[in-house]
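Peer 1: Any chance you could fold what I've pasted below:
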Amino acid sequence: MDTDLFAQRREAFFRKIDRDAVVILPGNSLVWRNLDTPYPFRQQSDFYYLTGYDAPDAVAVFVPNNKRYRFVLFVHRPTEREILYDGRAVDTKSLQRQYGATAVYFTDQMGKVLPRIVKWDRPIYYPFGHHPKWDEFIVNQFVTKRSGGQWPIIDPLPIVHELRRIKTAADFSAGLQEAIAITGEGLLAGIRAVQPGKWEYQIQADIEYVFRQRGAQREAFQSIIASGPNAGILHYVRNNRQLQAGDLVLMDCGAEVNYYCGDLTRTVPVSGQFTPEQRQIYELVLRAQQTGIAHMKPGVTRKAVTEAIDNVLQEGLKELGLIEREADFKIFTIHGYIHWLGMDVHDVGGYTRRGVDIPFQPGMVMTIEPGVYVREDALQRLRKKGVPAEQLDRIAKKIKKYLNIGVRIEDNIVITEDGNRNLSAEIPKTVEDIESLMRT
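Peer 2: Numbering: from 1, shown residues only. Next up is the predicted model:
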């Protein structure tokens, strides 16, 4: 564990806040699946970003101008049963050395220790609304006891999110590059496994086997293996349909390595070769994605890239006869094309500041994932938008021709000083390369 990396992040955070502040930041708790069986634990990303501590029920306290309390870690005091069953024995001195904390206490000591830290009026940074137990504790300590001082309470998370939006070389070496690489390897295994008669969950198993085999701790999100009409369901995760000859299968998956996420999508023909109609839709989406990537560089905004992609898709859908009014193209494209990527798959940081789009900067990492989906409800949705009946009659014939074709192509991009770098460029995505891969 690189304690220097977390220390550097804390120092960057301290430079953004009031030097007299006290920051109180809880981590995640176990969530119980049933009876005595918890869901697998995953630490809250902001907490991990600043501490590196990945056990449940911890709280970090930061006091930038106090050497003794600069980074205090409060951890869960394990019961005898937890030590026997889960191996949760805790040595506070060892934790102090391991995580670079100035002090380590148990969380059941917070009621006594925190008043020693907060001795006079000063800003309190605390994120209300995420941890009911600690919300109540903070209210009791700093809201209902106003006679002891006046403590403005400020949410620290927007400040942390600003820092997380820019990735450094340390982020890439800590796990981000590996997460994307492993995601690509898993996706390649999934593509090679596709054939008529297999089940979506079998392709999922092939992909996720590679994730684990290569050292990913978990999936970044539930794998989407969507064949035939399921490809039009954006977050389809049931993965229980049998692959049929002549269908496409859309595979959207991500590995998580050391709290960093990959997120890639490829769409391939179950039979190993695209039909003419599938190829038309696929190459339209690919052309839109390539256009978007070409626009991604410092100073450009997410909105500008989106508009460039929109223009390609509007024109292409019109040429295919699926729309006659350009404004109707969203019936077939449905979702946004870009989101930040990092410790969360839909990473934090926001896309605007005071209502103005944030320009891309070197170190920003994001996905780019246009799609076109010809769903069974497309005609109904066009009718609701007020498309004239004579247009609907013509469009209905085209919808029938392309029905249940759903294509999404997704890569992971980092903005560089002079443009961008595709972090997943080695994963085939042209029609020819995909068909060649599926023949091997």
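Peer 1: How much space separates residue 389 from residue 379?
Peer 2: 11 Å (CB to CB, to the nearest Å). The C-beta positions use only the backbone N, C-alpha and C, and glycine is treated the same way.
Peer 1: of these two, who's got more company?
Peer 2: For residue 389 versus residue 379, neighbours defined as other CB atoms under 10 Å are more numerous around residue 379 (18 against 7).
Peer 1: what about residue 13, distance to residue 156?
Peer 2: Computed as CB to CB, the residue 13 to residue 156 distance reads 8 Å.
Peer 1: meant to ask about residue 436, not that
Peer 2: The value you get for residue 436 to residue 156, if CB to CB is used, is 51 Å.
Peer 1: Between these two, which is the more surrounded one?
Peer 2: residue 156 (22 against 12).
Peer 1: For the residue lying closest to residue 221 once chain neighbours are set aside, list the residues it contacts.
Peer 2: Excluding the flanking residues, the one nearest residue 221 by CB to CB, 6 or more residues apart in numbering is residue 345, at 5.0 Å. Each residue near residue 345 by CB atoms under 8 Å, 6 or more residues apart in numbering is listed here: 220, 221, 254, 261, 263.
Peer 1: Inside strands: which ones of those?
Peer 2: residue 261 (DSSP state E).
Peer 1: What are the structural domain limits within the protein?
Peer 2: Under the assignment automatic domain parsing, the domains of the chain span 3-162, 166-439.
Peer 1: ok, of these, where does mean pLDDT dip lowest?
Peer 2: Lowest mean pLDDT within those: domain 3-162, a mean of 93.
Peer 1: for it, how far is the first residue from the last?
Peer 2: 21 Å (CA to CA, to the nearest Å).
Peer 1: ditto for stretch 288-308
Peer 2: 8 Å.
Peer 1: try stretch 415-433
Peer 2: End residues of stretch 415-433 are separated by 26 Å (CA to CA).
Peer 1: How about residues contacting that stretch?
Peer 2: 177, 180, 183-184, 187-188, 191, 262, 264, 266, 274, 279, 282-283, 286, 293, 296-298, 360-366, 409, 411-414, 434, 436-437.
Peer 1: Are we agreed that residue 268 is in a strand?
Peer 2: Yes. Counting by DSSP: H, G, I helix; E, B strand; the rest coil, residue 268 is found in a strand.
Peer 1: Which among the contacts of stretch 415-433 count as buried?
Peer 2: 177, 180, 183-184, 187-188, 191, 262, 264, 266, 274, 279, 282, 286, 293, 296-298, 360, 363-366, 409, 411-414, 434, 437 (16 or more other CB atoms under 10 Å).
Peer 1: So which of those residues are in strands?
Peer 2: Among the buried ones among the contacts of stretch 415-433, the ones falling in strands (DSSP E) are 264, 266, 365, 366, 411, 412, 413, 414.
Peer 1: tell me the contacts of the second one?
Peer 2: This points to residue 266. Residue 266 neighbours (CB under 8 Å, 6+ apart): 187, 191, 250, 251, 409, 410, 427, 428, 429, 434.
Peer 1: let's see it at 6 Å
Peer 2: Going by CB atoms under 6 Å, 6 or more residues apart in numbering, residue 266 touches 187, 251.
Peer 1: now the first one
Peer 2: For residue 264, the set of contacting residues under the criterion of CB under 6 Å, 6+ apart consists of 183, 187, 410, 424.
Peer 1: For residue 144, grab the count of nearby residues.
Peer 2: Neighbours around residue 144, by other CB under 10 Å: 9.
Peer 1: got it, and residue 167?
Peer 2: Neighbour number of residue 167 under other CB under 10 Å is 23.
Peer 1: Kindly report the same for the one 3 residues further on.
Peer 2: Each residue near residue 170 was counted by other CB under 10 Å, and the total is 13.
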